[in-house]
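> any chance you can model this:
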Amino acid sequence: MGTTKRIRIAIAVIFCIGLGQTQGQLLKKVKNKVEDKVVDVVDEELNGKDKKEEQKKKEEDAKSGEGTVFGQGKTNVIDRNFIDRSNLIFFDDFENERSGEFPKKWKQISGTVETALFETNGKTEGVVQMVSSRSAIQPYFDEDDYLGDSFKIELQHLFWQKGNEAYIVEFYGRQSSRPAYAIYLRSNNVAPGSDNVVYMAGKQSPGWFTSQISFNKGNLKVIVNGQQLVNNPDINVRELTHVALRTLSPGSASGDGFTKARVNYFMIAKEGLPLYERMVTNGRIVVRDIYFDTGKYDIKSNSNASLDKIVDMLKKHEEMEVTIEGHTDANGSEEDNQILSENRANSVRNYIVSKGVKRSRISTVGYGEEKPVVEGNNEEAWKMNRRVEFVVRK
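A predicted model of the protein is given here:
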């Protein structure tokens, strides 16, 4: 083979090798490009899925209230002893109600109302919620004549700080079927009757608001989240018969499905009624300020004031005979609570007898945890269920 031919063959071989390397590099680049594109597409799909899941979670959270940070706005110290629990004539915290049903302790006036479970800040509680934009209910009593000239009301209600929200507490008198007086509780102000609107201090956040209303022979006070907003010495009404709760619910009107008006609890206490009259009228009185140490039945000294009132009443009305009922909360075993309730009822009888009341006028019984007045597994329910009741026997 000649030299020239060898050179040509060598050049051809080198060209082929170079072409092969170039094609290999090109294929490698194409492969890398394809892989990069696949990764980009997968990332985009995953990100899109994550965004959809995140949006779905936000919608679910909004329905439950979990996505909103609920607080109390600008809040002074709320007086948790505003209502003397021994004077309660009505209490409802909507616990252990079947969701979607009308609340058992209420009458319907208008709109659509239902019980539900509602979660805020990781805590699930029973509530009553207003399905229609304008709804009204009133506490269930056999007769709509239970308020009188002195009473207190406390309720906890939810403000979303959206739209036209309001809880209207309507009071009725004997002269008309229309409200004699109404208090508008709004997300940042209170409008009592025809008086000027009073605004709360500071910017208010979404959350539960505690409203407290005191009425005493025409004197009206309204306190919201610890801020006294109304102190009217005379609203020109001396006596009221019953109350209703009306709401404006923005979520129900807009159809968003979750920013409905909701109430967590509602209670009424009758103030100023003499002990004997309460006993005769109701057939019993409930006393929650008789104190014992946990698991004990020795009466603590800070119970004496309440017990001495019972003693005075029994001494003045010697014809009255009573049964003392002991009730415990659900902490501990049923057997232990039954024994504890019996011992506590006996301790109360022994105290009253030691003050000069005949033992034959007083019988005792313990019910343990058998007859709770409030269903629930929380401190608020336990406090309501730990009680001593005096029931008229004769």
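> so where's the stretch 1-150 of the chain shaky on pLDDT?
1-76, 86, 121 (pLDDT under 70).
> if you set the cut-off to 50 instead, what comes out?
7, 10-11, 13-49, 51, 54-55, 57-74 (pLDDT under 50).
> before we move on, what about the stretch 251-394 of the chain?
Using pLDDT under 50, nothing in the stretch 251-394 of the chain is flagged.
> 80 instead, please
The model of the stretch 251-394 of the chain has pLDDT under 80 over residues 251-259, 271-274, 277-278, 280-282, 288, 373-381, 384, 394.
> show me where it has its strands.
All strands of the stretch 251-394 of the chain, identified by DSSP state E, counting those that start in this stretch, fall at 262-270, 284-287, 322-327, 362-368, 387-392.
> neighbouring contacts of the fourth one?
Contacts to strand 362-368, defined as C-beta atoms under 8 Å, 6 or more residues apart in numbering, come from residues 321-328, 334, 337-346, 348-349, 352-353, 393. Just so you know, the C-beta spots here come from the backbone N, C-alpha and C atoms, and that holds for glycine as well.
> now the angle from that strand to strand 387-392?
On the basis of axes from the mean of the first three to the mean of the last three C-alpha atoms, to 10 degrees, strand 362-368 is oriented at 140 degrees to strand 387-392.
> each with direction, which strands does strand 362-368 pair with?
When pairs are called by DSSP bridges, strand 362-368 turns out to pair with strand 322-327 (parallel).
> can you give me the distance of L229 to L185?
10 Å (C-beta to C-beta, to the nearest Å).
> which of these two has more neighbours?
Between L229 and L185, counting by other C-beta atoms under 10 Å, L185 is the more crowded of the two (24 against 21).
> ok, that one - contacts?
157, 166-169, 209, 211, 224.
> go on, R344?
Counting by C-beta under 8 Å, 6+ apart, R344 has contacts 292, 297, 326, 328, 366, 388.
> adding neighbour count and distance to M200, write those residues out as a markdown table.
Formatted as a markdown table, the contacts of R344 follow (neighbours: other C-beta atoms under 10 Å; distance: C-beta to C-beta, whole Å):
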| residue | neighbour count | distance to M200 |
| --- | --- | --- |
| F292 | 20 | 40 |
| Y297 | 17 | 45 |
| G326 | 28 | 43 |
| T328 | 26 | 40 |
| G366 | 20 | 46 |
| V388 | 27 | 39 |
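> excluding residues flanking it in the chain, which one is nearest the residue nearest to the spatial centre of the chain?
With distances taken as C-alpha atoms, centre = their mean, the chain has N264 as the residue nearest its mean C-alpha position (2.6 Å). Excluding its sequence neighbours, the residue lying closest to N264 (C-beta to C-beta, 6 or more residues apart in numbering) is Q156, at 4.1 Å.
> picking up where we left off before, quick check: the residue nearest to the centre of the chain vs R178, distance?
Applying C-beta to C-beta, the value for N264 to R178 is 29 Å.
> domain-wise, how is the protein divided?
What automatic domain parsing lists as the domains of the chain is 1-64, 85-270, 275-392.
> now the end-to-end length of the last one.
What that stands for is domain 275-392. Distance between the boundary residues of domain 275-392 (C-alpha to C-alpha, to the nearest Å) amounts to 12 Å.
> do the second one as well
Length of domain 85-270, first residue to last, C-alpha to C-alpha: 10 Å.
> so which bits of stretch 177-184 are buried?
Within stretch 177-184, the residues scored as buried using 16 or more other C-beta atoms under 10 Å are 179-184.
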